[in-house]
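J.: what follows is a protein structure lacking sequence information:
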Ligand SMILES: [Mg+2]
């Protein structure tokens, strides 16, 4: 190791888990989609220091990611060169092999990988977008919420607000009341007008036959152009069927549960989706997202970034083939509370600050302390 690299070796790791209750219009409120109900969200924050600078990464995950990161990964990362994150990523994946790489371990790796990239960019005093080699300077975002337990008024107000803020597409959850879904989708279509695309996400709630029938109705009645997880994302043959037989002009999307590079390979090889989704806070941070996006790009399939808009604004603009980023309601609320330096929303695009080092994000320490449920510091 050169003396320069040695001086910049990782010398401290701090991990913080925060659990934030779900809210709507500032009031606590549980949320539901086609296959799950939840009343809080946990974020794992990773702060990694070297050469007098600190990088920030994060992942939306389980509180169980904190002991995995501190117990299985921290020793692998301490002492490494922040500019050698590719090798560190492989070492982290090897370290969790027997604990189970896909799942919570992959989220812990993701938070650390993002922090290492942010740190390297800060050490170079350059934005992470520029360090990664920008594919463009901004990326389209779409407003995402419309939970299945929302009233008609709550649903249409949320979607109209996003249209007014400039989002060019909005997405609602469907799948808990299949008989009522066409009506709810039509409500949203009427609320946002013809110039805004309407997306739907069933989170795998439908059978193949239900999904095929509803895909036609959504297109005919409401011109829905994106149908996400119409059936379980484990049913690659089912996704392929709906992609083949569904309406022209409707993208079939899935991939948010991808934790390893092989997952995206299998989904692409099955020709299961028109657009593949990947989540850098699950699939291995910048390193894992790059792998997924490049695999898709190589076979002409666009990528979409699942949630975490403050992070995916940079990653989505950096990587080839990324067509949009999901501005997810829960994460918009959380990221506004926890971070300063959020990317701007301009004409429906997220625009990272190319003049700020790294991701441009800094933690709001009062909010972090308020929601903290666990913490670990290699210096203790
Ligand atoms: Mg989804």
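T.: Happy to help now that I have it. Note that the coordinates shown come from a computational prediction; the quantities given were computed from them, not determined experimentally.

J.: for the spatially closest residue to residue 294 that is not a sequence neighbour, give me its contacts.
T.: Leaving aside its chain neighbours, residue 294 sits nearest to residue 320 (7.1 Å; criterion: CB to CB, 6 or more residues apart in numbering). No exception for glycine: its C-beta is placed from N, CA and C like everyone else's. For residue 320, the contact set (CB atoms under 8 Å, 6 or more residues apart in numbering) comprises 135, 293-294, 297.

J.: now do 10 Å
T.: By CB atoms under 10 Å, 6 or more residues apart in numbering, the contact set of residue 320 is 133, 135-136, 290, 293-294, 296-298, 302-303.

J.: which of those are buried? Put it as a ChimeraX command.
T.: In ChimeraX syntax, the buried subset of the contacts of residue 320 is picked out as below (16 or more other CB atoms under 10 Å):
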select :135,290,293,296,297,302,303
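
J.: out of the contacts of residue 320, the closest to residue 25 would be?
T.: residue 303 (32.3 Å; CB to CB).

J.: so what sits opposite the closest one in the bridge?
T.: Residue 303 has these beta-bridge partners by DSSP bridges: residue 276, residue 322.

J.: likewise residue 59?
T.: Counting by DSSP bridges, the residues bridging with residue 59 are residue 44.

J.: quick one: it from residue 105, how far?
T.: Distance, residue 59 to residue 105, by CB to CB, to the nearest Å: 11 Å.

J.: swap in residue 274?
T.: Remark: distance between residue 274 and residue 105 (CB to CB) = 30 Å.

J.: one step back: tell me the SS of the residue nearest to residue 294?
T.: coil (DSSP: H, G, I helix; E, B strand; the rest coil).

J.: pLDDT weak spots in the stretch 201-350 of the chain?
T.: Counting by pLDDT under 70, the stretch 201-350 of the chain shows no low-confidence range.

J.: all helices of it, in order?
T.: 208-222, 236-245, 261-269, 285-298, 309-318, 329-338 (DSSP state H, counting those that start in this stretch).

J.: same question, the stretch 51-200 of the chain
T.: Going by DSSP H, counting those that start in this stretch, the stretch 51-200 of the chain shows helices at 65-68, 74-77, 85-95, 106-123, 128-132, 152-165, 181-192.

J.: give me the angle between the last one and helix 152-165.
T.: With axes from the mean of the first three to the mean of the last three CA atoms, to 10 degrees defining the directions, helix 181-192 sits at 40 degrees from helix 152-165.

J.: ok, back up a step: okay, the helices of the stretch 51-200 of the chain in JSON lines with mean neighbour count next?
T.: Listed next are these as JSON lines, based on neighbours: other CB atoms under 10 Å:
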{"stretch": "helix 65-68", "mean neighbour count": "23"}
{"stretch": "helix 74-77", "mean neighbour count": "20"}
{"stretch": "helix 85-95", "mean neighbour count": "18"}
{"stretch": "helix 106-123", "mean neighbour count": "29"}
{"stretch": "helix 128-132", "mean neighbour count": "23"}
{"stretch": "helix 152-165", "mean neighbour count": "17"}
{"stretch": "helix 181-192", "mean neighbour count": "20"}
